[in-house]
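Visitor: Sharing a model that was predicted from the sequence below.
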Amino acid sequence: MVKSKLEQSIIDALEEVASVHGIDIVDVEVVGATKAPCVRVRIDRLDGEAISLDDVTAQNAWVSDCVEGLDPISGSYTLEVSSPGMARPLRRPSDFERFAGEQVELTTLATQGRRAFKGAIAAVTPDDVTLSLDGEDPDTVTIPFVEVKKCVLKPVFDFKSKKEEN
């Protein structure tokens, strides 16, 4: 997964202590203006249970202390700690394995003349992910993790099955 050096250093620092708190560091992004950026830290529970707002609030202090101790940005910045949300980012091979079969939107550096792919995770190895692509002419594509810039789960809502039950 392609991350900036700054984002990767924050991830590394947080992951060193996250397991002690029962937390998984899902993703870190540094976004916004250069003068006052926002550091977004997405967390989840290690036990696989859904993380609540109370859980996120309880973890905020140590995340803040860890990022502040690293002092990654000279000047002011905003720290945002949140759950991964429905469009959960996938960063590690284990994330892709966990959500095998799920629909994703994936952006690459430029694989096979394309940058954006939508489809289901068909297979995962330690080095790459294979997607079963959406579209009129379904196909598969295998993308090395080193070329993946961003990948998020694509929530699928099935309102028809609920309607048919009534």
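Guide: Nice, I can see it. What you are looking at is a predicted structure, and each value in this text was computed from that prediction instead of being measured.

Visitor: host element of V63?
Guide: Using DSSP states H and E, V63 maps to helix 53-70.

Visitor: and that helix, what other elements does it pack with?
Guide: Under the contact definition 3 or more C-beta pairs under 8 Å, 6 or more residues apart in numbering; DSSP states H and E, helix 53-70 sits against helix 5-18, strand 38-45, strand 78-82. In short, each C-beta sits where N, CA and C put it, glycine included.

Visitor: rerun that using 6 Å as the cut-off
Guide: helix 5-18, strand 78-82 (3 or more C-beta pairs under 6 Å, 6 or more residues apart in numbering; DSSP states H and E).

Visitor: Helix 53-70 and the last one, what's the angle between them?
Guide: The directions of strand 78-82 and helix 53-70 differ by 140 degrees, with axes from the mean of the first three to the mean of the last three C-alpha atoms, to 10 degrees as the criterion.

Visitor: got a list of contacts for strand 78-82?
Guide: C38, V39, R40, V41, R42, N60, V63, S64, V67 (C-beta atoms under 6 Å, 6 or more residues apart in numbering).

Visitor: pretty sure L14 is in contact with I25, am I right?
Guide: Yes: counting by C-beta atoms under 6 Å, L14 does reach I25; the two are 4.7 Å apart.
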